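# sequence and predicted structure, then a few things I'm wondering about:
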Amino acid sequence: MSTNSDGLAGEVATSLHRGTNWWGAFVIGLAGTILVTGIVPFAAQSMGAASVPAITLVVLIGLVLCFCMAELAALLPHRTGGLPSYAYDSYKPLGETTARHVGGLSGWGYWLGWFPVAPINMILAAGYIAVLAHLPLGRSLLPLGSLGTAVTSTVLIITLAGLLLLFIPCYYGIRMGATFATVLGVLAMIPLTLLILLPVFKPSSFHWSNLAGFHYADPKTAGVTFFLAWIFVISWNAVAMEAAACYVGECRDPARDAKIALTAEGLYGVFIYIGTAVVFIGVLGAALKTFDPLTLYTSFANHIFGNARWVQYLIGIPLVFALLLSVLNAIMGVGRSLFQAAEDRMLPRWFAHKNRHHAPDRAMLFNLACSMIVALLGSPVRIYIFSNVGYLLAIVVALVGYFLMRQFQPDRVGPFRMPGWFRWLALACGIFLGIDYFAGGWNAPEIVVGPGESHILYILGIVVLAAYLPLYFWRKLTDRRRGVSPAEAPATLAADPAGAPALAQVEPEG
């Protein structure tokens with residue numbers, strides 16, 4: 001998309017309403033940090049103390065990514081939808097066509113990575129709600145046969161109902177979404193942060209010997225293949241703090257808000273991910289068993305407070321709020337990525353529609369429908385692998401794209417800028433994750449899900465990712481029918497009903 005990005009950041013044209021600030025971007029982006037609740041218990045059980053360096057490595061790459069995205073978001077304040085929306089500008093040195101397709105494929109891969117967060121976390125939240133409310137679980141169902149895992153009827157009903165209810169604040173725009181996210185974020189993150197600090201008040205509950213040597217839970221699994229397979233799955237969670245970038249384009253002062261929101265998100269994510277892994281291993285040690293996250297969190301708290309019934313509610317209720325916040329972001333954030341890719345004319349025009357609340361309603365509705373289908377898979381770990389085929393691709397594209405921007409477009413200087421050497425660090429992170437995309441991703445089904453598991457989940461992710469091509473050609477065909485030039489459509493300023501400047505695509509009606 002061509003646009004004029006001169007002037008003060010808050011005055012630069014954007015096609016969505018500037019209705020929030022760094023706090024709004026930060027609290028909605030907490031959905032990425034909250035994914036710690038879904039990965040640390042699984043990784044700690046399977047990897048043992050070795051999960052600590054694995055999680056540390058990935059979350060530090062996530063911090064690097066946050067700094068990269070803060071710089072690009074401040075430089076390109078007219079773009080919305082987070083890291084894939086910057087790919088077009090970043091890859092321009094490789095040619096216009098390459099830049100457009102890298103941007104389009106990245107946006108579609110990012111969608112594949114983020115929308116499954118909604119069904120995964122809604123499934124977990126539904127299970128916790130059923131346990132906390134002592135609801136009968138009903139009979140087990142296998143809606144997708146052997147491709148999925150059994151899920152009870154009660155959990156499935158709560159999951160589908162929860163997805164529908166959380167779509168409501170998403171529909172009402174960024175202000176409503178930020179308000180809703182603030183409530184959920186505070187109710188979730190304060191207790192989860194305090195859990196990391198609890199061993200300080202009862203030192204006898206923490207055993208450094210459990211961490212000594214960062215040993216594997218099963219020494220027979222130690223090896224590069226096992227480690228890379230888990231890095232692939234962990235990277236779906238522990239770099240997700242970048243989600244705050246999805247909303248910088250709707251901040252009133254993106255130059256200021258980008259660096260504050262993403263720096264805070266990245267640093268807080270490092271603390272939460274590493275801190276949770278350390279205290280889980282240090283307190284539970286050999287007591288780590290194959291249970292769901294709620295049971296493990298409750299077991300952890302029992303070691304601090306003793307076996308009391310109220311502990312389950314103390315842990316369970318904040319976990320439910322945390323998971324609901326992630327569901328909210330999964331519907332809202334990646335909807336904006338689809339919206340931006342449609343405005344860039346790489347995906348069908350249908351995704352570029354906005355409602356009267358200045359929200360990309362159709363893109364979010366698409367996320368909701370796909371989330372309800374993927375919820376039928378039942379197993380979070382299975383969805384991780386299928387989903388990360390898209391997400392990790394978008395991450396690698398973003399890290400390499402940052403390098404290309406700094407290396408080949410040094411004259412493009414924004415209000416926030418990392419040191420020159422930082423581009424090489426971003427490139428190294430991108431290359432490492434690129435290698436893991438194939439080496440770790442291919443082996444993840446058998447190692448992470450279970451022995452004998454086929455590669456169908458990884459292949460399914462590739463197939464969905466490849467769906468970008470027919471969607472692109474459909475957009476190209478409809479543009480031709482509408483008489484739109486193959487070149488970029490011009491952009492003009494149009495009045496936003498709320499008073500902020502907005503970006504309008506000039507296309508013939510038809």
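Thanks, I have it. Bear in mind that the values here come from a model prediction, so they are computed numbers and not experimental data. Residues are numbered from 1 along each chain as shown.
# CA atoms for contacts and neighbours, from now on please.
Will do.
# quick one: the strands in the stretch 101-250 of the chain?
Assignment of strands within the stretch 101-250 of the chain using DSSP state E, counting those that start in this stretch yields the ranges 140-141, 151-152.
# my error: substitute the stretch 401-510 of the chain in the last question.
Counting by DSSP E, counting those that start in this stretch, the stretch 401-510 of the chain has strands at residues 491-495, 501-505.
# how about the nearest residue to Pro293, chain neighbours excluded?
Nearest residue to Pro293, sequence neighbours excluded (CA to CA, 6 or more residues apart in numbering): Pro41, at 5.6 Å.
# I'd like the next helix or strand past whichever helix or strand the one you found is part of.
Element membership for Pro41 (DSSP states H and E) is helix 36-47. Proceeding N to C from helix 36-47, the next assigned helix or strand is helix 51-75, under DSSP H and E.
# can you list contacts of the following helix or strand past that following helix?
Sequence order places helix 87-90 as the next helix or strand after helix 51-75, per DSSP H and E. The contact list for helix 87-90 (CA atoms under 8 Å, 6 or more residues apart in numbering) reads Ala99, Arg100, His101, Val102, Gly103, Ser106, Val397, Ala398, Gly401, Tyr402, Leu404, Met405.
# picking that back up, I'd guessed the residue nearest to Pro293 sits against Thr298; true?
No: with contacts counted by CA atoms under 8 Å, Pro41 stays clear of Thr298, the gap being 11.5 Å.
# where exactly do the helices run in the stretch 151-300 of the chain?
Using DSSP state H, counting those that start in this stretch, the helices of the stretch 151-300 of the chain run over residues 153-171, 173-201, 224-238, 254-284, 293-305.
# of all the ones you listed, which one is nearest Phe386?
Taking CA to CA, helix 224-238 is the member of these nearest to Phe386, at 10.0 Å.
# name the helices or strands packed onto that closest one?
helix 22-34, helix 36-47, helix 51-75, helix 380-408, helix 422-444 (3 or more CA pairs under 8 Å, 6 or more residues apart in numbering; DSSP states H and E).
# how does it look with 6 Å?
Judged by 3 or more CA pairs under 6 Å, 6 or more residues apart in numbering; DSSP states H and E, the packing partners of helix 224-238 are helix 51-75, helix 422-444.
# roughly how far is the last one from the heart of the chain?
In this view, helix 422-444 has its centroid 17 Å away from the chain centroid, taken as CA atoms, centre = their mean, to the nearest Å.
# kindly report the same for the first one.
When distances are taken as CA atoms, centre = their mean, helix 51-75 is centred 13 Å away from the chain's centroid.
# which of the residues in that helix are buried?
Of the residues in helix 51-75, 51-52, 54-75 count as buried by neighbour count, 16 or more other CA atoms under 10 Å.
# now whatever helix or strand Val334 lives in against helix 153-171, angle please.
Assigned by DSSP H and E, Val334 belongs to helix 309-343. Interaxial angle, helix 309-343 versus helix 153-171 (axes from the mean of the first three to the mean of the last three CA atoms, to 10 degrees): 50 degrees.
# after helix 309-343, next one along is what?
Immediately after helix 309-343, counting by DSSP H and E, sits helix 361-374.
# who touches that next one?
Helix 361-374 has contacts (CA atoms under 6 Å, 6 or more residues apart in numbering) with Phe115, Pro116, Pro119, Ile331, Gly335, Phe351, Lys354, Asn355.
# hang on, the third one packs against Arg382?
No: proximity of Pro119 to Arg382 does not meet the contact threshold set by CA atoms under 6 Å, at 11.8 Å.
# who's more crowded, these two?
More crowded of Pro119 and Arg382, by other CA atoms under 10 Å: Pro119, with 30 against 22.
# distance of that one from Asn367?
Pro119 sits 10 Å away from Asn367 when distances are taken as CA to CA, to the nearest Å.
# what do you get for Arg475?
Distance of Arg475 to Asn367, given as CA to CA: 19 Å.
# of these two, who's got more company?
Using other CA under 10 Å, the more surrounded residue of Arg475 and Asn367 is Asn367, with 25 against 19.
# state the distance from that one to Leu137.
Asn367 is 27 Å from Leu137, by CA to CA.
# one step back: mean pLDDT for the strands of the stretch 101-250 of the chain: which is lowest?
Mean pLDDT per stretch puts strand 140-141 lowest among these, at a mean of 70.
# burial measure for Ala243, as a count.
By other CA under 10 Å, the residues close to Ala243 number 29.
# thinking again about what came up before, want to throw the helices of the stretch 151-300 of the chain into JSON lines with distance to Gly440?
What follows is the helices of the stretch 151-300 of the chain, written out as JSON lines (distance: least, CA to CA, whole Å):
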{"stretch": "helix 153-171", "distance to Gly440": "30"}
{"stretch": "helix 173-201", "distance to Gly440": "29"}
{"stretch": "helix 224-238", "distance to Gly440": "4"}
{"stretch": "helix 254-284", "distance to Gly440": "21"}
{"stretch": "helix 293-305", "distance to Gly440": "24"}
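# ok, the closest residue to Lys354 other than its chain neighbours to Tyr268 distance?
Nearest residue to Lys354 in three dimensions, chain neighbours excluded: Pro360, at 4.4 Å (CA to CA, 6+ apart). As judged by CA to CA, Pro360 and Tyr268 stand 29 Å apart.
# neighbour count winner among those two?
Neighbour totals were compared for Pro360 and Tyr268, and Pro360 leads with 28 against 16 (other CA under 10 Å).
# from what I can see that one touches Trp350, true?
No: applying CA under 6 Å as the test, Pro360 and Trp350 come out as separate, 9.9 Å apart.
# would you check how far apart Val59 and Glu265 are?
As for Val59, its distance to Glu265 is 11 Å (criterion: CA to CA).
# ditto for Thr478
Separation of Thr478 from Glu265 (CA to CA): 40 Å.
# swap in Ile129?
Distance, Ile129 to Glu265, by CA to CA: 28 Å.
# comparing the two, which shows the higher neighbour count?
Glu265 (28 against 19).
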